[in-house]
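**Q** Here is a sequence together with a model predicted from it:
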Amino acid sequence: MASTASKVYIDPELAAIRAQLPPMPAGLLDFNDMAASRARMAGRRPIFPPLESVEAQDRTIPGPAGEPDVKVRIYRAKLAQPDTRVPGIFWIHGGGMVMGGLDGDNVRLSEWVEQIGCVAVSVDYRLAPENPHPAPVEDCYAALVWTAQHADELGIDPARLAIAGASAGGGLGAAASLMARDRGGPALCYQLLIYPMLDDRNITPSSYEITSVGVWDRATNQGGWRALLGDQVGTEGVSHYAAPARATDLSGLPPAYIDVGTADLFRDEDIDYAQRLMQAGVPTELHVYPGAFHGFEGVAPNAKLTQAARSLRLSALQRALAR
């Protein structure tokens, strides 16, 4: 299919802000030298601490059987009432399977702790290509199981435990939800998937359209999936725990929220996944933002589309986690 990148509509406010910024990830990544790429990315992104009202504690917990330990960060309100049980959000960061860590979501998770009255747990999973599939998703699942098993210690109501993630983290959240269903794991009450990375095949119309937005385009996406799957990428043998779009049975999964922009490469795979969740009887909320590109809220935190998206995500979590 030929590229139609020139036809991609970008919201004018987002486009104006994007034009003022230095190169985005697509221009900074070298999949042959991920250490240098990660250093470049870290050098251009400021790290914000958690909000003053929230305490963040790092813990090292057991990883998957026979594998290294995993680090998690636990966010709790400093003035939380002792011996109370509040909702829990298990968070998985983005980064195309090859980047990211615990520091990038301090503000987002602190705000949710404040606004929802919850405990949030974020997982620092192993990254590809040094750690290909199944290492990232197995780390996430091990940390999810640990969170559920330690709900009392963490002050979490196990009946109100949700999973959430953005981009690669959204894809890993979808995969961990499938694992929890299939393995008889934690009974999740909700999955919030922010423009999730779901399909290694790159065969949707939007995967051909988005080639020059400069944030997470076709070539970059192909590189991320190849880092995770190697020569298996795009072949019949790829597990739905690596690429959840490949799952043929979506029944029995927790209620879902999915959002994505029309200028996001993941647009069509995310819309398709949401539709198939609905067809499988899973209560699903889908939002598609006109002219929003991948990771738009990080680029333009004060834009009108960003404010709308944040408000709708918060409202969905508040409803899902209400007692």
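**A** Yes, it's here.
**Q** Was I right to think L172 contacts I163?
**A** No - using CB atoms under 8 Å, L172 is not in contact with I163; the gap is 9.2 Å. To be clear about C-beta, it is placed using only N, CA and C from the backbone, and glycine gets the same treatment.
**Q** Now the phi/psi pair for L14, please.
**A** The phi/psi pair for L14 (degrees, to the nearest 10) reads phi -60, psi -40.
**Q** for V123, same thing?
**A** phi -110, psi 140.
**Q** With just CA atoms, put the one helix or strand A174 maps to into PDB.
**A** Assessed by DSSP states H and E, A174 sits inside helix 168-182. What follows is helix 168-182, C-alpha atoms only, in PDB (Å, rounded to 0.1, in the frame of the first residue of the first chain):
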ATOM      1  CA  ALA A 168       3.900  -0.100  24.600                       C
ATOM      2  CA  GLY A 169       2.600  -0.100  28.100                       C
ATOM      3  CA  GLY A 170      -0.900  -0.200  26.800                       C
ATOM      4  CA  GLY A 171      -0.100  -3.200  24.700                       C
ATOM      5  CA  LEU A 172       1.600  -4.900  27.700                       C
ATOM      6  CA  GLY A 173      -1.400  -4.000  29.800                       C
ATOM      7  CA  ALA A 174      -3.700  -5.700  27.200                       C
ATOM      8  CA  ALA A 175      -1.300  -8.700  27.200                       C
ATOM      9  CA  ALA A 176      -1.200  -9.000  31.000                       C
ATOM     10  CA  SER A 177      -5.000  -8.800  31.100                       C
ATOM     11  CA  LEU A 178      -5.100 -11.800  28.700                       C
ATOM     12  CA  MET A 179      -2.500 -13.600  30.900                       C
ATOM     13  CA  ALA A 180      -4.500 -12.900  34.000                       C
ATOM     14  CA  ARG A 181      -7.600 -14.400  32.400                       C
ATOM     15  CA  ASP A 182      -5.800 -17.400  31.000                       C
END
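**Q** Show me what that helix packs onto, helices and strands only.
**A** strand 86-92, helix 135-149, strand 156-166, strand 190-194 (3 or more CB pairs under 8 Å, 6 or more residues apart in numbering; DSSP states H and E).
**Q** got the contact list for the longest one?
**A** This points to helix 135-149. The contact list for helix 135-149, computed with CB atoms under 8 Å, 6 or more residues apart in numbering, reads 61-64, 67, 70, 72, 88, 90, 92, 97, 121, 123, 125-128, 154, 156, 158, 161, 163, 168, 172-173, 175-176, 179-180, 183, 185-186, 228, 241-242.
**Q** Selecting buried members of those in ChimeraX, what would you type?
**A** A single ChimeraX command is used to select the members of these judged buried by 16 or more other CB atoms under 10 Å:
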select :61,63,64,70,72,88,90,92,97,121,123,125,126,127,128,154,156,158,161,163,168,172,173,175,176,179,180,186,228,241,242
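**Q** okay, and the common contacts of L172 and I163?
**A** Going by CB under 8 Å, 6+ apart, residues that sit against L172 and also against I163 are I92.
**Q** got the angle between the helix or strand where N221 lies and helix 135-149?
**A** Here N221, judged by DSSP H and E, is contained in helix 218-229. Counting by axes from the mean of the first three to the mean of the last three CA atoms, to 10 degrees, helix 218-229 lies at 70 degrees to helix 135-149.
**Q** got the contact list for helix 218-229?
**A** Contact partners of helix 218-229, identified using CB under 8 Å, 6+ apart, comprise 3, 25-26, 29, 31, 34, 96-98, 128-129, 132-133, 136, 168, 197, 200, 202, 207-208, 210-211, 233-234, 238, 242-243, 265.
**Q** Buried members of these into PyMOL, please.
**A** Buried residues among these (16+ other CB under 10 Å), as a PyMOL selection:
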select buried, resi 25+26+29+31+34+96+97+98+128+129+132+133+136+168+197+200+202+207+208+210+211+233+234+238+242+243+265
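**Q** Scan the chain for its longest helix.
**A** In the chain, taking DSSP state H as the definition, the longest helix is helix 304-321.
**Q** So which elements touch that helix?
**A** Where contact means 3+ CB pairs under 8 Å, 6+ apart, helix 304-321 is packed against helix 12-19, strand 86-92, strand 156-166, strand 190-194, strand 256-263, strand 284-293, helix 296-299.
**Q** For these, give me a markdown table that also has distance to R310.
**A** Formatted as a markdown table, these follow (distance: least, CB to CB, whole Å):
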| stretch | distance to R310 |
| --- | --- |
| helix 12-19 | 14 |
| strand 86-92 | 15 |
| strand 156-166 | 12 |
| strand 190-194 | 10 |
| strand 256-263 | 10 |
| strand 284-293 | 12 |
| helix 296-299 | 7 |
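**Q** how far does stretch 66-79 stretch from start to finish?
**A** Using CA to CA, to the nearest Å, one end of stretch 66-79 lies 38 Å from the other.
**Q** hmm, who's touching that stretch?
**A** 50, 53-63, 102, 109-110, 113-114, 117, 119-126, 135, 138-139, 142-143, 146-147, 154-155.
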